[in-house]
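Peer 1: Turn this into a model:
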Amino acid sequence: MTRSSPPALDTLVDYWFRYHLAKAVIAAILLAVLVALGVRLWRAFLRAGDLGTVRRAAVAGAGVLVTTLAVVSSVLVMANLQGALAPFSSLVSMLPVGDTSGQLTDTVGEVRAHLAGSPTAGEQIAPALDVMVRDFSRFHAVMAVIAAVVAVVLISMSVVSWTMFRTRSPDRRARRLWGSFGVVSALLSLVVLVIGVANTTTAVDPVPALAAFFQGS
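Peer 2: As a prediction, the model looks like this:
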């Protein structure tokens with residue numbers, strides 16, 4: 001935080017950083033295990049020509065489940081990296097801004113009024129609110145960078161998958177598998193790119209999004 005931050009707040013933010021860092025590490029380990037397991041399952045599926053239909057379906061189902069869990073783990077890694085690199089804004093997102101009977105009602109009201117007036121009135125933003133706005137911008141910039149990296153990985157996976165699809169013409173099962181990977185990775189890359197663009201826009205102009213949050217939108 002800043003030199004003027006209350007020690008209790010600094011302690012809480014430091015705890016939130018360690019909390020998200022631990023979750024990110026756990027999710028990353030889980031992702032690595034799921035990727036390794038998924039590779040083994042899909043290889044087994046490709047070699048399952050002599051197995052019965054039921055066993056092939058069981059291997060394919062397990063592969064789909066593990067792949068889905070890997071995608072979920074990737075999302076957890078992304079979210080927790082964002083929380084670890086911008087813990088203050090992650091902590092602010094936990095505030096009960098919609099609660100009109102709590103102790104924070106007056107403070108939240110002041111923040112709402114200042115955020116609503118500062119863009120047009122040209123007022124000097126209070127130091128505490130300035131820290132909040134800058135960290136909120138960093139919070140979304142972090143996700144924009146993470147999304148860009150993940151999008152590059154997914155696009156690369158899609159290119160490799162389509163290349164394998166074209167070169168595996170004699171093997172119908174392999175072609176279907178690589179084609180499916182190509183479609184899924186391409187669709188996921190589009191989703192991640194949209195997330196990246198949205199976060200980039202917010203990082204460049206954080207005040208409207210932060211005001212919307214404090215309005216409960």
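
Peer 1: pLDDT below threshold where in the chain?
Peer 2: 1-5, 49-52, 96-108, 117-126, 168-170, 216-217 (pLDDT under 70).

Peer 1: which residues of it fall in helices?
Peer 2: For the chain, applying DSSP state H gives helices covering 7-46, 53-85, 87-92, 105-121, 127-167, 172-204, 206-214.

Peer 1: most neighbours per residue, which of the ones you listed?
Peer 2: Across the helices of the chain, averaging neighbours per residue (mean count of other Cβ atoms under 10 Å) puts helix 87-92 on top, at a mean of 22. To be clear about C-beta, it is placed using only N, CA and C from the backbone, and glycine gets the same treatment.

Peer 1: what sits up against that helix?
Peer 2: Helix 87-92 has contacts (Cβ atoms under 8 Å, 6 or more residues apart in numbering) with 1, 12-14, 16-17, 20, 82-83, 131-132, 135-136, 138-139.

Peer 1: Could you find the closest non-adjacent residue to D14?
Peer 2: Spatially, and ignoring its direct neighbours in sequence, D14 is nearest to P87 (7.7 Å; Cβ to Cβ, 6 or more residues apart in numbering).

Peer 1: Revised request: answer the last question for W42.
Peer 2: Distances taken as Cβ to Cβ, 6+ apart place G63 nearest to W42, at 5.1 Å, with adjacent residues excluded.

Peer 1: For the one you found, give its distance to A79.
Peer 2: 25 Å (Cβ to Cβ, to the nearest Å).

Peer 1: got it, and F88?
Peer 2: Look at F88 and A79: by Cβ to Cβ, they are 16 Å apart.

Peer 1: same thing with A148?
Peer 2: A148 is 16 Å from A79, by Cβ to Cβ.

Peer 1: Kindly report the same for L95.
Peer 2: Distance, L95 to A79, by Cβ to Cβ: 18 Å.

Peer 1: and if you look at T163?
Peer 2: For T163, the distance to A79 equals 31 Å [Cβ to Cβ].

Peer 1: How about L115, nearest residue that isn't a chain neighbour?
Peer 2: Distances taken as Cβ to Cβ, 6+ apart place A211 nearest to L115, at 4.0 Å, with adjacent residues excluded.

Peer 1: Wait, the one you found touches A113, no?
Peer 2: No. Contact criterion Cβ atoms under 8 Å: A211 and A113 do not qualify, at 10.0 Å.

Peer 1: what sits against V71?
Peer 2: The contact partners of V71, by Cβ under 8 Å, 6+ apart, come to L188.

Peer 1: shouldn't L76 be in contact with A22?
Peer 2: No. Taking contacts as Cβ under 8 Å, L76 lies outside contact range of A22: 11.9 Å.

Peer 1: How far away from the center of its chain is stretch 37-45?
Peer 2: 26 Å (Cα atoms, centre = their mean, to the nearest Å).
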